[in-house]
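Asker: Mind looking at a prediction? Sequence and model below.
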Amino acid sequence: MFSLNKLFNHSKTQKQHKKTSQECDFESLLQKSLEEYRSDVFPLGLLDCGLIVDLSFEKQLHAFACIKLTLELNFPAVGERIGIENYLIEKLALKVELTLTCKLKEAEKIHKIKHIILVASGKGGVGKSTTAVNLAASLKCEGAKVGILDADIYGPSIPILLGLEGEKPQAKDEKTMLPFEKEGIKSQSIGFLVPAESAMVWRGPMASGALTQLLNETDWGELDYLIVDMPPGTGDIQLTMSQKVPASGAIIVTTPQDLALADAQKGIAMFEKVKVPILGLIENMSHFICGHCDQTSHVFGQGGGKVMAHRYGIPLLAEIPLQLAIREYGEQGKMIADEPSLNISEFYRKAARLVASQLYYQQTSKSAVEIIITDD
Ligand SMILES: Nc1ncnc2c1ncn2[C@@H]1O[C@H](COP(=O)(O)OP(=O)(O)OP(=O)(O)O)[C@@H](O)[C@H]1O
């Protein structure tokens, strides 16, 4: 754990000097505050998963007036900045300017990729691909290097969602293809390899062969996360695919209808069988907020995702509303999560931070920490 001892002396903007008792007291208070901070994303506080890389302060009339603090997090969560800043302002009773950066220190699992995350659904049409693309965009916005691999042989839609329809991947050399890069996200799709009609009749080994080929023969470069958009369903194909890639975890997308939830349960069972940890459930098209009167309607039923997540002891990462803009952005080949000014993007961004946090704690054998996701 990082200690704040000597921090004032190490601060880039301060000269070496003997600490005053006032500075020592301030150091202890800052350290205690960072240690005691708690949120869904930081269940063990901030010093446990971050490093103070810079601290400087301004004094007025011998009292601290403002601190500038830079925290380097071990996983992408820069969207937590305002919440942490407000907390520190309250605890320290002074102006705080916080900068958050991110650097994953974990080892690469395959090639130069640190984590592979499978995005799956028990049935088709629940918004799995839309969610996968927006999770990728969110992880990038939160500070990570991200790629997306479209493995949905039944309907590869990532090229459409990224505005890359009709494009063909370029060869780097005889063995490797270059991924596409859009808004800082690298992508590759099974749709580029074969015509949709022939891929649909593949059996498990063929589909998983194509997935591993795309994974291994694409020059991904350094990635913190590779999101894999899986084919919908829980059959032989999905099972074989899940076994073939060294996935860090899986996310299951469902809608609130009973039928979709029943299929999502099969998805949970499938990942348990192949020992891929389930990072959480996303309930898509969870509710509809009327644009005129702001009233919320639960068009497809209410609370199903919450009940299921509770039953299986997995986090409910997000309840994403049914919103016209989500479909419109998808059709225009744009990622809505890339638009911080739209409230809807925060649903995806929060889910991405929770996923990244879980993977970090899982990796550092701190999975015993129970991540309780609150409603607020
Ligand atoms: N929250 C949402 N609000 C409104 N429309 C949505 C939402 N999520 C997805 N959609 C729309 O629903 C349709 C299906 O979405 P998508 O293609 O992502 O589903 P999928 O589960 O990946 O489908 P498939 O099983 O065919 O691969 C798309 O038109 C998409 O724009």
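Answerer: Ah, there it is. Every value quoted in this text rests on a predicted model; they were computed, and no experiment measured them.

Asker: got the phi/psi numbers for the nearest residue to Ile314 once chain neighbours are set aside?
Answerer: Spatially, and ignoring its direct neighbours in sequence, Ile314 is nearest to Ile278 (5.1 Å; Cβ to Cβ, 6 or more residues apart in numbering). The C-beta positions use only the backbone N, C-alpha and C, and glycine is treated the same way. Ile278 adopts backbone torsions of phi -90, psi 120, taken as degrees, to the nearest 10.

Asker: Quick check: closest non-adjacent residue to Met285.
Answerer: Nearest residue to Met285, sequence neighbours excluded (Cβ to Cβ, 6+ apart): Leu322, at 4.2 Å.

Asker: just Glu319 next, same as before
Answerer: For Glu319, the closest residue by Cβ to Cβ, 6+ apart turns out to be Ser286, at 3.8 Å.

Asker: and what of Asp152?
Answerer: Nearest to Asp152 is Pro231, by Cβ to Cβ, 6+ apart, at 4.8 Å.

Asker: sorry, back to before: so where does the residue nearest to Met285 fall, helix or strand?
Answerer: Following DSSP states H and E, there is no helix or strand that holds Leu322.

Asker: In this structure it contacts Cys290, no?
Answerer: No: the criterion here is Cβ atoms under 8 Å, and Leu322 misses it with Cys290 at 11.0 Å.

Asker: How about the residues of the chain by the ligand?
Answerer: Residues of the chain lying close to the ligand (Cβ under 6 Å from any ligand atom) are 121, 124-130, 152, 155, 157, 232, 284-285, 320, 322-323, 326-327, 330.

Asker: Taking those, please make a ChimeraX selection of just the buried ones.
Answerer: A single ChimeraX command selects the buried members of the residues of the chain next to the ligand (16 or more other Cβ atoms under 10 Å):
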select :121,126,127,128,129,130,152,155,157,232,284,285,320,322,323,326,330
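
Asker: Might you specify the subset of the residues of the chain next to the ligand located within helices?
Answerer: 128-130, 326-327, 330 (DSSP state H).

Asker: Those residues: which two are farthest apart?
Answerer: Farthest apart among those by Cβ to Cβ are Lys128 and Arg327. That separation is 14.1 Å.

Asker: For the residue nearest to Glu319, give me its contacts.
Answerer: When the contact criterion is Cβ atoms under 8 Å, 6 or more residues apart in numbering, the partners of Ser286 are 255-256, 298, 305, 319-322.

Asker: go again using 10 Å as the cut-off
Answerer: Residues in contact with Ser286 (Cβ atoms under 10 Å, 6 or more residues apart in numbering) are 254-256, 296, 298-306, 316, 318-322, 347.

Asker: and what of Ser129?
Answerer: So Ser129 contacts 119, 121, 148, 150, 152, 155-158, 160-161, 229-230, 232, 253, 330 (Cβ under 10 Å, 6+ apart).

Asker: Any regions of the protein where pLDDT drops low?
Answerer: Applying pLDDT under 70 to the chain picks out residues 1-17, 61, 196-201, 365-376.

Asker: what about the strands in it?
Answerer: Ranges of strands in the chain, per DSSP state E, are 50-60, 63-73, 95-102, 113-121, 146-150, 180-182, 185-189, 223-229, 249-254, 278-284, 288-289, 296-297, 316-320.

Asker: Identify each buried residue in the third one, please.
Answerer: Same thing as strand 95-102. 96, 98, 100, 102.

Asker: CA atoms only for it, dumped as CSV, please.
Answerer: Output of strand 95-102 as CSV, limited to C-alpha atoms (Å, rounded to 0.1, in the frame of the first residue of the first chain):
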residue,chain,number,x,y,z
LYS,A,95,-10.5,23.2,-2.3
VAL,A,96,-9.4,20.0,-4.0
GLU,A,97,-8.4,19.6,-7.6
LEU,A,98,-8.3,15.9,-8.4
THR,A,99,-6.9,14.2,-11.5
LEU,A,100,-7.5,10.5,-12.1
THR,A,101,-5.4,8.5,-14.5
CYS,A,102,-5.4,4.7,-15.2
